[in-house]
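Peer 1: below: sequence and its predicted model.
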Amino acid sequence: MNKEENKETNAGQEPAEQAEVNAEETAAAETEVVNDEQTETSEKQEEKVWTPEEIKELQEKASKAEEYWNKLLQLVADFDNFKKRSERRRQDDVLSAKVAIVETFLPVLDNFEMAFTAAAQVTDPAAKSLQMGIEMVLSQFHNVLRECGVDTIDPQGEEFDHSYHEAVSEKETDEVPDGHVAQVLRKGYKMNERLIRAARVIVARKPSEKTEEGK
């Protein structure tokens, strides 16, 4: 390569190198300016002296912020309670609808039970298939009720409970303790501790002394 070619090559590289140097110097200068501004700002902040009016204004803003925060917490709590009440109301509505449906079927169930009781007293062999058919339908009926969450109240011999039993009369007897159910006239039903129909019962009463002496 001759001297003239070297000169041309050096001439082509010098502007690029110069541009790179200029860019580095510019970046360094900008960094220095930023650092100077940050230092100046920091010094001003350190030298800042709050006046009583400014302090009072900050205190008022802090008080307002705390007030708004407390209101927000109250709103959140109220909304949470609203959701819980709505869910309970929805569950109560669903339960009420189920109870209403079950109530419409109870008279039919009562008739089936009376038919089964009457059929069980028939000794004719020809009525055996009828008895088995009624018993099967009655069993299916009770299974469906159990699947729906319905429990039967059949308190024979149990202590009388005003919450689930309806007393129609008293009966002097020593077969069960005083104040207990001597006879169930009609079964009761409940769903999830909610009474659908109270059991109609006769309550036992301790025999009087006169009756005992007569015996």
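Peer 2: Noted; the coordinates are in hand.
Peer 1: packing partners of the lengthiest helix in the chain?
Peer 2: Determined from DSSP state H, the single longest helix within the chain is helix 52-120. The elements that helix 52-120 packs onto, with contact taken as 3 or more CB pairs under 8 Å, 6 or more residues apart in numbering; DSSP states H and E, are helix 128-147, strand 188-191, strand 194-197. Every C-beta, even on glycine, is put in place using the N, C-alpha and C of the backbone.
Peer 1: ranking those by burial, who's on top?
Peer 2: strand 188-191 (a mean of 20; mean count of other CB atoms under 10 Å).
Peer 1: direction included, what does that one pair up with?
Peer 2: Using DSSP bridges, strand 188-191 pairs in its sheet with strand 150-153 (antiparallel), strand 194-197 (antiparallel).
Peer 1: how much space separates the residue nearest to Asp110 when sequence neighbours are not counted from Arg85?
Peer 2: Excluding the flanking residues, the one nearest Asp110 by CB to CB, 6 or more residues apart in numbering is Arg186, at 6.8 Å. Plainly put, Arg186 is 36 Å away from Arg85 if you go by CB to CB, to the nearest Å.
Peer 1: more neighbours, the two?
Peer 2: Each of Arg186 and Arg85 has its neighbours counted (other CB atoms under 10 Å); Arg186 has more, 15 against 10.
Peer 1: what residues are up against the residue nearest to Asp110?
Peer 2: Asp110, Ala199, Arg200 (CB atoms under 8 Å, 6 or more residues apart in numbering).
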